[in-house]
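Asker: Attaching a predicted model along with its sequence, questions to come.
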Amino acid sequence: QQSGAQLCGNPGAMMRPTRRAASNVALILSFTVLSSAARSIWAGDIFAAYVYLVTQSSTSVGVVTGVRGIAQLILAPLFGFLADRWRRDRLLWAAGVVGFFGAALAAYAVRRDDFGSLCLSMGFWGVYWSICNPALDALYADSTAEGERSLWFTRKVQANQAANALGPVISLLIFAVQGNTWTTATCQMVLFTGIAITFVPNSLLLLLRDVARLAGRAASASSLEDLLLHRGERQTMSDDYDAEAAGVLDATPDPAVDGGGPAAPPPAS
């Protein structure tokens with residue numbers, strides 16, 4: 001299927017969607033690495049240990065973790081449906097805004113050791129991932145060539161797995177620097193590091209563009225141009241036909257003028 005730029009025959013227009021698609025791929029891979037690394041730092045075992053140190057309750061650990069999971073479970077089908085109906089870049093922009101609020105609230109909750117605010121921030125993160133996951137994968141598929149999608153999705157999974165290994169490594173380094181003691185302050189340092197990193201991938205979401213929608217607009221503009229051109233050609237043919245018909249009529253002799261009319265009656269005697 002040809003893009004709108006190809007139908008228009010405009011090489012410059014044909015290159016722009018390609019550059020946008022390549023930009024989307026690079027941004028999504030970068031987002032995958034950074035978001036997975038950040039989540040493995042602040043939302044892993046250190047997070048559970050921190051909640052337990054603050055509340056002295058294993059039930060609280062299950063509650064705060066369950067808030068995020070339940071929010072994501074409830075909202076994921078809705079946003080998966082919307083990802084097929086609305087512009088995916090707009091959904092991802094909304095996810096980025098929700099992520100900013102979630103990160104800011106999580107930082108506040110950790111700083112104040114506030115369990116209620118921490119649960120609320122987990123709700124924001126559940127909404128964030130329920131919006132982000134379907135729209136991001138759909139946009140990633142749209143931005144890769146049809147015959148190369150399996151290759152690029154494999155690379156995305158590889159990037160995710162490699163980034164997940166960064167979390168324990170960074171946590172280990174922070175614990176080594178802090179004296180390798182499981183205290184609230186040490187856990188806070190690890191969590192602050194992970195939360196700070198999340199602001200970078202959230203910002204990357206705001207740079208994505210829906211290439212499928214842009215290509216659809218180009219195709220619509222091309223179809224309109226072709227329709228107008230076709231109508232113009234038909235109008236030109238009609239004008240030529242009218243002009244030709246008028247020329248034939250002008251060339252037809254007039255009997256009254258050229259003497260070809262009926263003879264005059266003879267004079268009376």
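Answerer: That came in fine, so what should we check first?

Asker: Following element in sequence after the helix or strand bottoming out on mean pLDDT in the chain, please.
Answerer: In the chain, the helix or strand scored least confidently by mean pLDDT, DSSP states H and E is helix 4-8, which has a mean of 39. Downstream of helix 4-8, the first helix or strand assigned by DSSP states H and E is helix 11-42.

Asker: which other helices and strands contact that next one?
Answerer: Under the contact criterion of 3 or more CB pairs under 8 Å, 6 or more residues apart in numbering; DSSP states H and E, helix 11-42 touches helix 4-8, helix 115-142, helix 149-164, helix 166-177, helix 184-205, helix 211-251. Backbone N, C-alpha and C define where each C-beta goes, glycine included.

Asker: So for that helix, mean pLDDT?
Answerer: Per-residue pLDDT over helix 11-42 has a mean of 82.

Asker: now that helix against helix 149-164, angle please.
Answerer: On the basis of axes from the mean of the first three to the mean of the last three CA atoms, to 10 degrees, helix 11-42 is oriented at 30 degrees to helix 149-164.

Asker: Dump the next helix or strand after helix 11-42 to PDB, restricted to CA.
Answerer: Next helix or strand after helix 11-42 toward the C-terminus (DSSP H and E): helix 45-55. Below are the C-alpha coordinates for helix 45-55, written out as PDB (Å, rounded to 0.1, in the frame of the first residue of the first chain):
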ATOM      1  CA  ASP A  45      12.600  -5.800  46.100                       C
ATOM      2  CA  ILE A  46      14.000  -2.500  47.600                       C
ATOM      3  CA  PHE A  47      10.500  -1.000  47.400                       C
ATOM      4  CA  ALA A  48       8.900  -4.000  49.300                       C
ATOM      5  CA  ALA A  49      11.700  -3.800  51.900                       C
ATOM      6  CA  TYR A  50      11.100   0.000  52.300                       C
ATOM      7  CA  VAL A  51       7.300  -0.400  52.800                       C
ATOM      8  CA  TYR A  52       7.900  -3.100  55.400                       C
ATOM      9  CA  LEU A  53      10.500  -1.000  57.300                       C
ATOM     10  CA  VAL A  54       8.000   2.000  57.400                       C
ATOM     11  CA  THR A  55       4.900   0.100  58.300                       C
END
